[in-house]
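# Kindly return the folded structure for what I paste below:
(4 chains, ligands or ions: 2)
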Amino acid sequence: MKFEIFVTLKKEVLDPQGKAVEGAIQNLGLSNISNIRQGKYFTLEVNDSNEEKATQQAEEACKKLLANLTIEEYSIKKIG
Amino acid sequence: MKFEIFVTLKKEVLDPQGKAVEGAIQNLGLSNISNIRQGKYFTLEVNDSNEEKATQQAEEACKKLLANLTIEEYSIKKIG
Amino acid sequence: MKASVIVFPGSNCDRDVQVALQKFQIDTTMVWHQETSLPKSDLVVLPGGFSYGDYLRCGSMASKSKVMNEVIKHAKDGGYVFGICNGFQILTETGLLPGALLRNSKLKFICKNVFIKTTNNQTAFTKKIPENKILSIPIAHNEGNYFASKEEIQSLKEYNQIVFQYCDEEGNISGESNPNGSFLNIAGISNQTKNVLGMMPHPERSIDQLLGGVDGQGIFQSLL
Amino acid sequence: METVSVDQAIKLGLTSSEFEKIKELIGREPNFTELGIFSAMWNEHCSYKSSRVWLSQLPTKNKYVIQGPGENAGVIDIGGEDVAIFKIESHNHPSYIEPYQGAATGVGGILRDVFTMGARPVANLNSIRFGRPEHAKTKYLLNGVVSGIAGYGNCMGIPTVGGEVEFDECYDGNILVNAMNIGIAKKDKVFLSIASGIGNPVIYVGSKTGRDGIHGASMASQEFDDNSEAKKPTVQVGDPFAEKLLLEACLELMKTDTIVSIQDMGAAGLTSSSVEMASKGKLGIEIDLNKVPCREENMQPFELMLSESQERMLIVLKEGKEKEAEKIFKKWDLDFSVIGKMTDSKNLVLHFKDEIVCDIPITSLADEAPKYNRKWESTPLPQEIDMDQKLKDLDIKTCLKQLLSHENQANKTWVWEQYDHMVMGDTIQKPGGDAAVVRVHGTNKALAASVDCTPRYCLAHPFTGGMQAVCETYRNLSAVGAEPRAITNCLNFGNPEKKEIMGQFVDVIKGIKEACTELDYPVISGNVSLYNETNGVGIKPTPTIGGVGLIQDVNNTMTYGLKSSDSLLIVVGETKGHIHQSALCHDILYLKKGPPPTMNLQEEKKNSFFIRDLIEKKLTQSVHDVSDGGIALAIAEMCMAGTIGAKISTNLTGPERIKYLFGEDQARYIIEIKKEDLNNLVQMAKEQEISMTQLGSTNLEQFAIDEIKISVDEMIKLNNNWFYNYNSN
Ligand SMILES: Nc1ncnc2c1ncn2[C@@H]1O[C@H](COP(=O)(O)OP(=O)(O)O)[C@@H](O)[C@H]1O
Ligand SMILES: [Mg+2]
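Numbering: from 1, shown residues only, chains lettered A, B, ... in the order given. Ligands and ions are numbered 1, 2, ... in the order given. The predicted structure is shown next:
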């Protein structure tokens, strides 16, 4: 079973990368673009045909490693 | 108009991060999880009500800055 | 005084810190991250470097190493734990210290001498340094931009956990003297019980006049 | 077996006559895998087919050299049981295509060259050259290259302690990224790549093989045109973390008694590493490609043999030592696979699935590789031109300010602050000085290193330019108190099929040869990068020289910042006022004609001995070599580094004064001395027939040249800002 995982900084956490990217985008003349936030994106496979169990394992991977819950939040999506 | 952007390494390009993360996940006992690839995830707003034009600007941001087309590819999704 | 230096895959200041500890006659053992027990030690050092390549988040994967269970136990029992640079990042990832270290605000690796003020000399690591003493110590990092939630900052202040702050030569703590965007110019913090210290600057690089300075030695002397 | 056509050979970068030669050598048509292997081994990058005849002229020996060119890196004696192992290598083409990864993998490659020989790498240096700052790609390339070098070196925990950065129009379409590394080993623990022992197992260690950079080596041997970006092969992505593990694992293995020979997989990957080991040992090698650890599915023999995936090594073990070795690589979480053995067949034999997919004599790939004696035409020494009209009205203060704020003379802190230059705890002189100084861990001695080249001299007169590059490193090392011991070189040129370019190459080599011979400062390793051309326009000849010297006592090293406001300033070496091809003429006045300064190797040697003697006797307060920008810039730099002023008088006017201040006569140093030492010094100089002139004295906060004054603070501002301003938007 394949999953997509999104890890993003919590809203109240400053995002230095997003901010720098936004500056750079403005410099490129793309002045309509704003509010850029940068996060991480993972794809992974879980070798378990039971959807609930598989999701639970993906969930665990997020909590234990992929996201730092002090500053980040995550969401999971099954894609196949 | 809000967009989501996914930037991932091309399939044939080495993903050192994904590789290291996979090792760590295995060590955590999540042995069912495999094939991890790590990419970047952006959300941004384009101040243009014309969907086509807005998408075009998001596209340009990807090509010029957000993705390194030599090793990465991107996809764009309108989310609001 | 006995110390253990934990070696993670990708640690690269492990030897440097060993040299420093030995210079102060601290008996030092190197401990591989897969060990399940610690040699008897008063102090555990998590050295600088790029554990696991700094991939995913700095320190994230190292914080899950087997030996870290023992380090956490050691800290909970009141033993000293000292995280330098990547070691600091590992300590926040384990939760032994609050907050997180984000990318430097200019998104570049910075290696240079900076000034830090010893805001708190009531810890085991700073007790021989005069209060508010300004030290010149090098930094070398990409992710040293300290962040914590409002509540965490509140509690850091309340329990007097801010140990070092970036400042200028005269001791002014300001935006200009902040090399990486750190909240409140924080360069180092301790836990509430003051037996765990994490700092981004490298005191082990500042113990030899020939290499540019000796301001780091106060920290090692405090531990003796 | 599928047959191949001459068209395929040409697509792989071979010529039709080379294709004929292959058929002749193996007595049949090669198959596709074999053709690929030939194309990799016979391209310029691996075979040195255009350069070999000339490279063999370089002097490679003095009493310190333990291993000269021909191995992964050169080795010199640095006293006691210690040796220094070093080399420089180019990664120009990949860095232009993907600056971050190109530069990063360049650093990774040179590190492997050094640690494969048993050394722990202790110092990185780099020489990087870009097009004009205003060129559309320059900022992107500069940022990518610098962060790539930083990314790899920092993660490895090896300090990057020196280098050079230059901008010039000729690099607009061909940037140069030359990376150097120095390592330290014990004399009796140096490992070579000569295989031996029929039946000994061949093992593969490190990361898995993917389709990275297939044909990277032949790309490095072709000119760019407008389509190159579309044609590029899969870019290699560096994994410094994997390399750090590989380094530690290899050094751990080297402590055991298991290794026969070891070779990193660099350009042309498994092909060149296996062929070189077998060729040097005059043996055959048999590899089972089914055993190669793969990252991707369905990899074909051609791909497996030509992949340039990074962070891999090939090792010949003593028989029966496989388990012992495997344990170490497993501990470090690396791939380990026994993939073949050494044989007496003298052939490269490859098995894949159940077939033999390649069976060719090793000699045909190595010794029989083509060697060309290309046509060449020497560049004559340009005539001097009369510049007095142009020089006579120049305002000295303006000239100095323009030089200080010019990108090529600007302070490079922005660059090296991104490099961890202190890790390993032995950096005594960080970037910014004349040469980097790194203590040999646990001892009282230190290595000094510097990389240099002045391409504008090399273009004007390649023979002189070749000599000058060698001498500049020699001087930089001398200025910090080191005894220069040997060099490594990276020869970056345009298309050697053009006789003017080949002529530049030949002249430069002759110049290097002359200087190395006279200075007893041999070449122990190096690399050639040709075809640095875009749309038919080549770069200036750029022979980057990396010099290494020894300081016997770390307490006897010298820096160039002024130390007190009460000392004397002296120039050692003769000042004639050679202004042609100076930084002032070239970069500020755009007067690019005329000969470069004349080299006098006897003077170089004499003056260097003199300076080192003064440093050892503690008779100098500071020392700086005079290079770009002449006396004026050299003193300005000493003022800025020490935040102390200086006051000099020239007793000259008009063009003569300009030439005196900004001329770039060679073999010179500025020294700061205590007043009371003057007489002693004058006496010593007289005895040793050293030309020495008192320039003036140090001062409080100003740099004063005759009636002209500029504050040290202002100079610092001008000099410090260029890189920050350029990169701030
Ligand atoms: N790319 C670089 N990496 C590290 N250090 C550099 C780099 N470029 C320049 N430097 C350092 O800046 C100083 C000045 O360089 P340069 O102007 O080339 O000096 P010089 O002309 O005396 O050789 C040297 O110490 C050099 O090592
Ligand atoms: Mg130079």
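
# tell me which element whichever residue of the stretch 151-300 of chain D sits closest to ligand 2 is part of?
The shortest separation between the stretch 151-300 of chain D and ligand 2 is 4.5 Å, found at D:Glu164 (distances taken as Cβ to the ion). In this view, the C-beta of every residue, glycine as well, is placed from N, C-alpha and C. Under the criterion of DSSP states H and E, D:Glu164 resides in strand D:160-167.

# how many other residues sit next to the nearest residue to D:Pro380 once chain neighbours are set aside?
Beyond its immediate neighbours in the sequence, the residue positioned closest to D:Pro380 (Cβ to Cβ, 6 or more residues apart in numbering or on different chains) is D:His461, lying 7.9 Å away. Other residues lying near D:His461 total 26 when counted by other Cβ atoms under 10 Å in any protein chain shown.

# Can stretch D:110-117 be said to contact chain C?
No - in this structure, stretch D:110-117 remains apart from chain C according to Cβ under 8 Å from any Cβ of the partner chain; the gap is never smaller than 13.0 Å.

# Show residues contacting that stretch.
With Cβ atoms under 8 Å, 6 or more residues apart in numbering or on different chains as the contact definition, stretch D:110-117 has outside contacts at D:67, D:71-73, D:75, D:85-89, D:121, D:124, D:156, D:158, D:179-183, D:185, D:190-193, D:243, D:246-247, D:250-251, D:262-264, D:266, D:311, D:313.

# same thing but at 6 Å, please
Residues outside stretch D:110-117 that contact it (Cβ atoms under 6 Å, 6 or more residues apart in numbering or on different chains): D:72-73, D:85, D:87, D:89, D:121, D:179, D:181, D:183, D:190-191, D:247, D:250, D:262, D:264.

# could you give the mean pLDDT of it?
If you average the pLDDT over stretch D:110-117, you get 97.

# ok, now stretch D:88-99?
In this model, stretch D:88-99 has an average pLDDT of 95.

# Which residue, other than its chain neighbours, is closest to the residue in chain C positioned nearest to ligand 1?
Nearest residue of chain C to ligand 1, counting by Cβ to the nearest ligand atom: C:Cys111, 11.0 Å away. Nearest residue to C:Cys111, sequence neighbours excluded (Cβ to Cβ, 6+ apart): C:Ala140, at 4.1 Å.

# got it, and D:His578?
Distances taken as Cβ to Cβ, 6+ apart put D:Pro597 closest to D:His578, at 4.3 Å, once the chain neighbours are dropped.

# For the one you found, list the residues it contacts.
Counting by Cβ under 6 Å, 6+ apart, D:Pro597 touches D:578, D:664-666.

# Show the model's pLDDT score for the residue nearest to D:Pro380.
Residue-level confidence at D:His461 comes out at 98, pLDDT.

# mind checking how far it is from chain B?
If you measure D:His461 against chain B using Cβ to the nearest Cβ, to the nearest Å, the figure is 39 Å.

# And that residue, how far from ligand 1?
Here the criterion is Cβ to the nearest ligand atom, to the nearest Å. By it, D:His461 lies 20 Å from ligand 1.

# right, and that residue touches D:Leu381 too?
Yes - in this structure, D:His461 is within contact of D:Leu381 by Cβ atoms under 6 Å, at 5.2 Å.

# how about stretch D:240-253, does it get close to chain C?
Yes - judged by Cβ under 6 Å from any Cβ of the partner chain, stretch D:240-253 and chain C are in contact via D:241, D:244-245.

# roughly how far apart are the residue nearest to D:Pro380 and D:Lys330?
Per Cβ to Cβ, to the nearest Å, D:His461 is found 57 Å from D:Lys330.

# what about the helices in chain A?
For chain A, the helices defined by DSSP state H cover A:16-27, A:51-61.

# Lowest average confidence across those helices, which one?
Here these differ in mean pLDDT, and the lowest is helix A:16-27 at a mean of 86.

# Quick check: neighbours shared by D:His461 and D:Leu381?
With Cβ under 6 Å, 6+ apart applied, the overlap between the contact sets of D:His461 and D:Leu381 consists of D:Pro595.

# Distance to C:Thr126 and pLDDT added to the residues of stretch D:240-253 next to chain C, as TSV?
Rendered in TSV, the data for the residues of stretch D:240-253 next to chain C read as follows (distance: Cβ to Cβ, whole Å; pLDDT from 0 to 100):
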residue	distance to C:Thr126	pLDDT
D:Phe241	33	97
D:Lys244	32	98
D:Leu245	35	97
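
# Report the buried members of those residues.
Buried subset of these (neighbour count, 16 or more other Cβ atoms under 10 Å in any protein chain shown): D:241, D:244-245.

# Spell out which residues of chain A are next to chain C.
When proximity is defined as Cβ under 6 Å from any Cβ, chain A approaches chain C at A:16-17, A:20, A:68, A:70-71.

# looking at those, which has the most residues close by?
Counting neighbours by other Cβ under 10 Å, the top entry in the residues of chain A next to chain C is A:Ile71, with 23 neighbours.

# For it, list the residues it contacts.
Contacts of A:Ile71 (Cβ under 6 Å, 6+ apart): A:9, A:13, C:100.

# Now the closest residue to the second one other than its chain neighbours: phi and psi?
Setting aside the residues directly before and after it, A:Val13 is nearest to A:Ile71 in space (Cβ to Cβ, 6+ apart), at 4.8 Å. Taking degrees, to the nearest 10, you get phi -120, psi -10 for the backbone angles of A:Ile71.

# any idea how far C:Ser65 is from A:Ile71?
With the distance defined as Cβ to Cβ, A:Ile71 ends up 21 Å from C:Ser65.

# swap in C:Ile110?
Spatial separation of C:Ile110 from C:Ser65 under the definition Cβ to Cβ is 27 Å.
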